[in-house]
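J.: No sequence on hand, only this structure:
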């Protein structure tokens, strides 16, 4: 009788983490940042049908990188949870923090389970407040860890290089046009040289606190995006 092959728990977790990281790194980056009137999401995404950034509830948005089918399942589950909680209690009881905690439990359970592969995803859950200091951005990794981001965050692809570019340039009081241009420049930045990303290759959305209706999420259409990117860059 042959002996079963033994792998230490530490090595098993390391292998699962490496597997998930490699899958996430193959995707293209998503940048999430605060601007003067809310929270901005910018992603390099040539598809007009498969969205990386979506609305979850009135003031809450979701963004993801990695395997589309996996983060789409998470998005749908988040929408259902938010709808059920808002219907059963009150719409104000649906919070970004509550959704982030639910996602963390799900991702953590999947990662630690030996019965299925870990999800190859990272996600943002963002909630816009009535005032800038009430804005919240949560970043969740494949193993269920949650980070409360302050002004901006980047995940997927060349996240470190994009983050380094934003570190010296981002200001939370930027108007929307300047914030979009900065995010696009950051996504095109790399050690090998900067590249220009056309508006057709971008997916841009905002949580806009100035909207009068309860739903604060809106997508930036290509026509407006083209006009914004065509404007000259202001001197810093």
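T.: Good, I have the coordinates. All values reported here derive from a predicted model rather than from experimental measurement.
J.: contact partners of the helix or strand bottoming out on mean pLDDT in the chain?
T.: Lowest mean confidence among the helices and strands of the chain (mean pLDDT, DSSP states H and E): helix 9-25, at a mean of 89. Residues outside helix 9-25 that contact it (Cβ atoms under 8 Å, 6 or more residues apart in numbering): 7, 65-67, 111-112, 114, 117-122, 142-143, 155-157. To be clear about C-beta, it is placed using only N, CA and C from the backbone, and glycine gets the same treatment.
J.: How about stretch 158-178?
T.: Here stretch 158-178 has contacts from 29, 31, 33-37, 40, 132, 151-154, 182-183, 185-187, 189-191, 206, 228, 231, 234, 236, using Cβ under 8 Å, 6+ apart.
J.: Could you check the helix ranked longest in the chain and say which residues are buried?
T.: Ranked by number of residues, the top helix in the chain under DSSP state H is helix 68-88. Across helix 68-88, burial judged by 16 or more other Cβ atoms under 10 Å covers 70-72, 74-75, 78-79, 81-82, 85.
J.: Stretch 211-226 too?
T.: For stretch 211-226, the buried set under the neighbour-count rule, 16+ other Cβ under 10 Å, comprises 211, 216-220, 225.
J.: residue contacts, residue 195?
T.: Per Cβ under 8 Å, 6+ apart, neighbours of residue 195: residue 188.
J.: Just to check, residue 143 is in contact with residue 118?
T.: Yes: Residue 143 lies in contact with residue 118 (Cβ atoms under 8 Å); the separation is 7.1 Å.
J.: Neighbour count: the two, which is higher?
T.: residue 118 (22 against 18; other Cβ atoms under 10 Å).
J.: Please report the distance of the more buried one from residue 72.
T.: From residue 118 across to residue 72, the span is 17 Å (Cβ to Cβ, to the nearest Å).
J.: Equivalent analysis for residue 161, please.
T.: Taking Cβ to Cβ as the criterion, residue 161 is separated from residue 72 by 27 Å.
J.: tell me what the helix or strand harbouring residue 227 is packed against?
T.: Using DSSP states H and E, the element containing residue 227 is helix 222-230. Judged by 3 or more Cβ pairs under 8 Å, 6 or more residues apart in numbering; DSSP states H and E, helix 222-230 is in contact with helix 176-187.
J.: Low-confidence ranges, this protein, go.
T.: 1-7, 233-236 (pLDDT under 70).
J.: 80 instead?
T.: Across the chain, the ranges flagged by pLDDT under 80 are 1-9, 114-115, 191-193, 232-236.
J.: so what's the backbone phi/psi at residue 31?
T.: When quoted as degrees, to the nearest 10, the phi and psi of residue 31 stand at phi -110, psi 140.
J.: so it touches residue 45, yeah?
T.: No: contact criterion Cβ under 8 Å: residue 31 and residue 45 do not qualify, at 11.9 Å.
J.: So for those two, which sits in the more crowded spot?
T.: Per other Cβ under 10 Å, whichever of residue 31 and residue 45 has more neighbours is residue 31, with 28 against 18.
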